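In: Curious how this folds, go ahead:
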Amino acid sequence: MGASDTGELMASVLVDHPDVLGHLDDLHDAVWNAVDPALLELCRLRIARVLGCGAEEEARTAAASAAGLDEATIADLPAWPSSSRFGPRERACLAVCEQLVIDVAGMSDEVALAAVEQLGPQTFRDFVTALLVLEQRQRLRLAWERLDVVGTAR
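Out: Numbering: from 1, shown residues only. Take a look at the predicted model:
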């Protein structure tokens with residue numbers, strides 16, 4: 001299953017809770033409209049790598065491709081701190097992304113403020129919200145797969 005299939009997986013697990021599924025889907029759609037999709041895709045892929053969600057790591061989001069994100073940049077994502085493919089904006093946002101996934105309580109003011117400088121305060125708030133949505137979606141997928149909830153879904 002790919003990223004688009006995560007939606008299908010969620011639909012199968014939440015079949016008895018269409019209201020919950022609807023809210024989660026609406027939120028997921030909203031974040032892709034609130035934040036630059038190429039930047040968000042880089043972060044979605046980084047989240048997948050950190051969490052070990054291979055299916056999400058293999059998937060691509062059409063909006064990000066349409067926004068100009070190419071496979072060469074994606075291939076260089078593991079080297080984001082030093083690769084010339086990533087500028088200050090991407091580096092600042094990927095640093096926030098990683099810290100949020102690994103240890104949000106350990107995020108320094110310096111890391112957060114670097115991203116605020118690049119995005120502005122409102123876009124930074126939207127960005128952090130988007131990261132939360134993408135992370136929780138992948139964590140749900142991983143939990144459901146590991147607990148075999150997927151196999152017991154209708």
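In: For this structure, which segments count as helices?
Out: 3-13, 18-34, 37-51, 54-58, 62-66, 71-75, 88-103, 109-119, 121-146, 149-152 (DSSP state H).
In: Pull the distance from the fourth one to the chain's centre.
Out: Between the mean C-alpha point of helix 54-58 and the mean C-alpha point of its chain there is a distance of 11 Å (Cα atoms, centre = their mean, to the nearest Å).
In: Which parts of it count as buried, going by neighbours?
Out: By neighbour count with 16 or more other Cβ atoms under 10 Å, helix 54-58 contains the buried residues 55-57. C-betas here are computed from N, CA, C, even on glycine.
In: Output those as TSV; include the columns distance to residue 21 and pLDDT.
Out: Output for these, formatted as TSV (distance: Cβ to Cβ, whole Å; pLDDT from 0 to 100):
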residue	distance to residue 21	pLDDT
55	19	91
56	18	94
57	24	94
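In: related to what we said a few turns ago, among the helices of the chain, which is the most enclosed?
Out: Stretch with highest mean neighbour count among those: helix 37-51 (a mean of 22; mean count of other Cβ atoms under 10 Å).
In: other SSEs contacting that helix?
Out: Contacts defined by 3 or more Cβ pairs under 8 Å, 6 or more residues apart in numbering; DSSP states H and E place helix 37-51 against helix 54-58, helix 62-66, helix 71-75, helix 88-103, helix 121-146.
In: ok, residue 132 - contacts?
Out: Counting by Cβ atoms under 8 Å, 6 or more residues apart in numbering, residue 132 makes contact with residue 100.
In: Tell me the spacing between it and residue 97.
Out: Distance of residue 132 to residue 97, given as Cβ to Cβ, to the nearest Å: 11 Å.
In: so which of the helices of the chain gets nearest residue 81?
Out: Set against residue 81 and scored by Cβ to Cβ, the helices of the chain come closest in helix 88-103, at 6.6 Å.
In: In this model residue 133 seems to touch residue 27, though I could be wrong.
Out: Yes: if you go by Cβ atoms under 8 Å, residue 27 and residue 133 touch, sitting 5.5 Å apart.
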